[in-house]
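Student: pasting a predicted model and its sequence here:
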Amino acid sequence: MGLFALLVLVIFNFAFDLRVDNRAAVAPGALWVSFVFASMLGLGRTIAAEREKGSMDRLLLCPVDRKAIYLAKLLGNMLFIGVVEIVALPIFAALFNVPLLLGPLLPIVLLGTLGIAAVGTLFSAMAAATRARELLLPILVFPLIVPIVIAAVRATGTLMVPVSNEPPWLGLMVAFDVIFLSISMLTFQYIVEE
Amino acid sequence: MALAGQDTNVKRRDASGPGQAERFPIVSMVLLALTFIGMMISIWMIFLYAPTDAIEGDAQRIFYFHLPSAIIGMLSLGIVALGGIVYLWKKDERWDWVARAAAELGTVFLTFALITGSIWGRTTWGTWWTWDARLTTTLILWFIYIGYLMLRSYMGRTPASARAGAVLAIIGLIDVPIIYESVNWWRTLHPQAVLPLGSSPQLPLEMLLTLVVAFITFTLLFSFLMVQLYQLEKMQTLAQQLRASVE
């Protein structure tokens, strides 16, 4: 996954022919596209092991709430994606020659990842029940995470080149995360139920 | 649809399930007749009664097809989500048939709206597409519909599929306003040839009347097709039950 994220960044470098004048416009997008793609790879494995080995029933037999299972899966996905991001961020800064403002970037990355993972964990449980798991997950998730992608890219861009009068992107991300975390927690039981 | 038969892993329901479906029930007949009459009146009104737009010319007449199909295509997601919510609550699969039928129809109406809108945009704005909030949201809504149909088709006709569809529809319905708002924020900063969309502030009475009639006609058409698709879902479920009982 980490290697995949790096490769996406390298491909972007070729695709957009990064120069000094367009770097600020392209770099945030390249960073988030690589994060989103890498997350999809990780998210696709959320329930896959359980489905393949047939341990889903045992997991569901655990005397815990379904919400706990969802949150645990979400946490696992967050950790996986987080590791990828920790690896990719410094290399991104080096390859694209942009200053890595880790302090202010941290909440953006965290909120963005949470949003992608909250929706992604739910839908990967859904897509895992089908044969076309790898295909279906991005098709279901990409349209739904559009607000998060827009907000994350814009917020990252604002960090690199400060723009006045920017809409509250962080607020949008918080709102998205809260809304979809709660709905996903509530509806997860309907998806794993046999 | 073609995949529906492949997954026979469906439980036998009670014998008190749907009996022999009526061949052509009275509701369908009435709706069909009304739709036909409405279409005739609409076509007459759109092409002969409504005045030609002073600026856009005859191209503006596509508006009477575009707006009703777009609105119905969007509201359809509400029906899908409503059907899903009631299904999760009552566990009655008839509500799932409603949701599924509405999703298929919504896709068709929204596709039609996107195509007509694109043609209209070409003649009026000189471009097939612009990343305006309304257009972008419609396109993403269309993707959500396609995702829904793909999911349902891959999962087959099972209760798990119905529950997954319901969850997707609920999340989609909540997401659409957020998508609209975020695209709006994103684009308001980059006003690139975004022209005011939709109708002019004051539509003349004739145009408004034509629009209302066209809207009613499209609603009738939607209802008629909805009843047909619902019956189709019913029969397909029945056919699958029978096939499962034979195997």
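Tutor: Perfect, I can see it now.

Student: how about the helices in the chain?
Tutor: No chain specified, so I'll use chain A. With helices called from DSSP state H, chain A shows them at A:2-16, A:23-43, A:48-53, A:56-61, A:66-96, A:102-127, A:133-144, A:146-160, A:169-192.

Student: I was thinking of chain B, sorry if that wasn't clear
Tutor: Using DSSP H, helices in chain B cover B:26-44, B:63-90, B:93-124, B:133-155, B:159-188, B:205-246.

Student: ok, back up a step: hey, least reliable of the helices of chain A by pLDDT?
Tutor: Lowest mean pLDDT within these: helix A:48-53, a mean of 79.

Student: okay, the helices of chain B in CSV with distance to chain A next?
Tutor: Using the backbone N, CA and C atoms, a C-beta is placed for each residue, glycine as well. Converted to CSV, the helices of chain B look like this (distance: least, C-beta to the nearest C-beta, whole Å):
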stretch, distance to chain A
helix B:26-44, 31
helix B:63-90, 6
helix B:93-124, 12
helix B:133-155, 4
helix B:159-188, 4
helix B:205-246, 18
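
Student: A:Val87: which of those is closest?
Tutor: Closest to A:Val87 of those is helix B:159-188 (C-beta to C-beta; 28.5 Å).

Student: if we can go back for a sec, out of the helices of chain B, which comes closest to A:Met126?
Tutor: A:Met126 sits nearest to helix B:159-188 of all those, at 4.7 Å, using C-beta to C-beta.

Student: what comes up buried for that closest one?
Tutor: Across helix B:159-188, burial judged by 16 or more other C-beta atoms under 10 Å in any protein chain shown covers B:159-173, B:175-176, B:178-183, B:185-187.

Student: so what does it touch, helix or strand wise?
Tutor: helix A:102-127, helix A:133-144, helix A:146-160, helix A:169-192, helix B:63-90, helix B:93-124, helix B:133-155 (3 or more C-beta pairs under 8 Å, 6 or more residues apart in numbering or on different chains; DSSP states H and E).

Student: that older thread, out of the helices of chain B, nearest to A:Arg51?
Tutor: Smallest distance to A:Arg51 across the helices of chain B (C-beta to C-beta): 12.2 Å, for helix B:159-188.

Student: quick one: contacts for the residue nearest the centre of chain B?
Tutor: In chain B, the residue lying closest to the centroid (C-alpha atoms, centre = their mean) is B:Gly106, at 1.6 Å. Going by C-beta atoms under 8 Å, 6 or more residues apart in numbering or on different chains, B:Gly106 touches B:Ile72, B:Gly73, B:Met74, B:Ser76, B:Leu77, B:Ile79, B:Val80, B:Tyr145.

Student: give me that answer again for 6 Å
Tutor: By C-beta atoms under 6 Å, 6 or more residues apart in numbering or on different chains, the contact set of B:Gly106 is B:Gly73, B:Ser76, B:Leu77, B:Tyr145.

Student: any idea how far the spatially closest residue to the last one that is not a sequence neighbour lies from A:Leu140?
Tutor: For B:Tyr145, ignoring the flanking residues on the chain, the nearest one in space by C-beta to C-beta, 6 or more residues apart in numbering or on different chains is B:Thr107 at 4.3 Å. Applying C-beta to C-beta, to the nearest Å, one obtains 15 Å for the distance of B:Thr107 from A:Leu140.

Student: verify the stated contact: A:Leu172 with A:Ala152.
Tutor: No - contact between A:Leu172 and A:Ala152 fails when scored by C-beta atoms under 6 Å: they sit 9.7 Å apart.

Student: below-threshold pLDDT in chain B: ranges please.
Tutor: B:1-24, B:188-202 (pLDDT under 70).

Student: one step back: give the contact list for the spatially closest residue to the residue nearest to the centre of chain B that is not a sequence neighbour.
Tutor: Nearest non-adjacent residue to B:Gly106, counting by C-beta to C-beta, 6+ apart: B:Ser76, 3.0 Å away. Taking C-beta under 6 Å, 6+ apart, we find B:Ser76 in contact with B:Ala102, B:Leu105, B:Gly106.
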